[in-house]
Every structure is written in C-alpha cells, then in structure tokens.
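1. Okay, predicted coordinates and the sequence, questions at the end:
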Amino acid sequence: MTSAPRTGTKGVPRAEREAQILEVALAELGRVGYAAASVAVIARGAGISKPMVYSYFGSKEGLYAACVDLAGAVVADEVERSAALGAVGLERGLLTVAGLAAALDGRPHLWRVLFDPTAPTTGPAAEVGRRHTARLHERAVEGVGEMLRLAGDADPADLDLMVQVWVGILDTVMRWWADHPDEDGAAVVARAERVVGALLGVR
C-alpha cells in the first residue's frame, strides 16, 4: 500500500511547491544577487506567503543554500560529463562550454547563483557552494594540466595561472549569457568559439 505524497499549501504536493519556490528564487537570486534578494518578493512570485517560504527553508540563507545546491549540481555534473568525453586542450574547453550551454539553456542565471560575490562566506550555504566549486576546480586543473603538458609546459605556476585564465574566460562567457538571456545556448557556443578562436589565433 503506497502512501499519499505530502502536501503543502492548497493541496499542492510539498515537493512540487518546493520546486516552484526554488525556480522563482533562482531567477531572483540570479537577477539581483543574494544580498539584495527579498524573501517577500520571492514569496509573491511563487504565489505564497513569506512565512510559508520560511516554513519550507528555515531562513533566507537556507533558501539560498537549496538554490546553490541545485545550481551547483547542474553545473558541476555537466562539467564532469564533458570531461569524461576524453577531449583535450581547446576542444575540451569548447565542449565544456557547449555542454553548459545545453544544460543551462533557458536559465543561464544558475551560473550567477553559484558564483554570487554577495553570498555568505561562512555557514551552511557557503559550505554547499564550496563543495560544488571544488568539483569544478578539480576538472579545470585536470583539463588545463593536460593542455600544458601537450605544450611541454610542466611549470606549476604556469598551471595555476592558466587555470585562473580559463576559469575567467568561462565565467565571462556565462555571465555575458546571463546578461543576454534571450540568446539561446547554440548562439552562445558559436560566439564563444569565435571569440576564443580569435583570441588564440585558431580558426
């Protein structure tokens, strides 16, 4: 005998209501950032009361922690999937951009939620963010390290610098996309290929 799903407000299943709140919160957090985000605005957008948001997530930081966990999982899972394809060098980098463009199509603001400079730097939300960004850093070091080894460069300082260069390029592309949400993922990939190709002198 199966039990009925737990329900939230007005008979809506709790999991469904949580998902609705998270989607509204992700959009708002991606638009204005954690520090400026208003739980009241998020509640209105989800069609519920502010106390109801707190009943689901405990606090504004609890809501952000849930959002960054969702955004971080989408981003990190896709980067790891792209890495497993076995490409190296610039090809791996562009495959990563293409994979993220597909995973974030329609909601590029998830990138901003994960890399929000106004987010808490301590506490549960910060720990969730660090867990996901650590996964991304590992893949960046791996991919950039392969590229430098192919070029005969084994200098650890060069690796550190190049990881920061690559992460900066990727972050710029994703943030540009979040500023231009009407651009679809395929167009963003094409732009990234043109711009990075011009930067590196590669057609």
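-> Cool, got the structure.
2. What residues of stretch 170-181 count as buried?
-> Using 16 or more other C-beta atoms under 10 Å as the test for burial, stretch 170-181 gives Leu170, Val173, Met174, Trp177, Ala178. From N, CA and C alone the C-beta is placed, and that goes for glycine too.
3. For the protein, which segments are assigned as helices?
-> 14-32, 39-46, 50-57, 60-83, 89-103, 109-114, 124-150, 156-179, 185-200 (DSSP state H).
4. Out of the ones you listed, which one sits most buried?
-> Most buried of the helices of the chain, by mean neighbour count (mean count of other C-beta atoms under 10 Å): helix 109-114, with a mean of 24.
5. Relative to Gly93, how far out is the residue nearest the centre of the chain?
-> In the chain, the C-alpha nearest the mean C-alpha coordinate belongs to Trp111, at 3.2 Å (C-alpha atoms, centre = their mean). Using C-beta to C-beta, to the nearest Å, we find Trp111 at a distance of 16 Å from Gly93.
6. What of Asp153?
-> For Asp153, the distance to Gly93 - C-beta to C-beta - is 16 Å.
7. again with Ala178
-> 19 Å.
8. and what of Glu28?
-> Relative to Gly93, and taking C-beta to C-beta, Glu28 is found at 31 Å.
9. does the residue nearest to the centre of the chain really touch Thr172, like I thought?
-> No: Trp111 lies out of contact with Thr172 (C-beta atoms under 8 Å); the separation is 10.8 Å.
10. pLDDT weak spots in this protein?
-> The model of the chain has pLDDT under 70 over residues 1-10, 202-203.
11. ok, the residue lying closest to Asp171 once chain neighbours are set aside - how many residues close by?
-> Leaving aside its sequence neighbours, Asp171 sits nearest to Phe115 (C-beta to C-beta, 6 or more residues apart in numbering; 6.6 Å). Neighbourhood size, Phe115 [other C-beta atoms under 10 Å]: 19.
12. How about Leu63, nearest residue that isn't a chain neighbour?
-> In space, and not counting its chain neighbours, Leu63 is closest to Phe57: 4.1 Å by C-beta to C-beta, 6+ apart.
13. any idea how far the one you found lies from Ala46?
-> Phe57 is 11 Å from Ala46, by C-beta to C-beta.
14. Give the residues shared as contacts by the two.
-> Common contacts of Phe57 and Ala46 (C-beta atoms under 8 Å, 6 or more residues apart in numbering): Ile21.
15. Spit out the contact partners of the residue nearest to Glu61 when sequence neighbours are not counted.
-> Nearest non-adjacent residue to Glu61, counting by C-beta to C-beta, 6+ apart: Ala125, 5.0 Å away. Listed by C-beta under 8 Å, 6+ apart, the contact set of Ala125 reads Glu61, Gly62, Tyr64, Ala65, Val68, Ala119.
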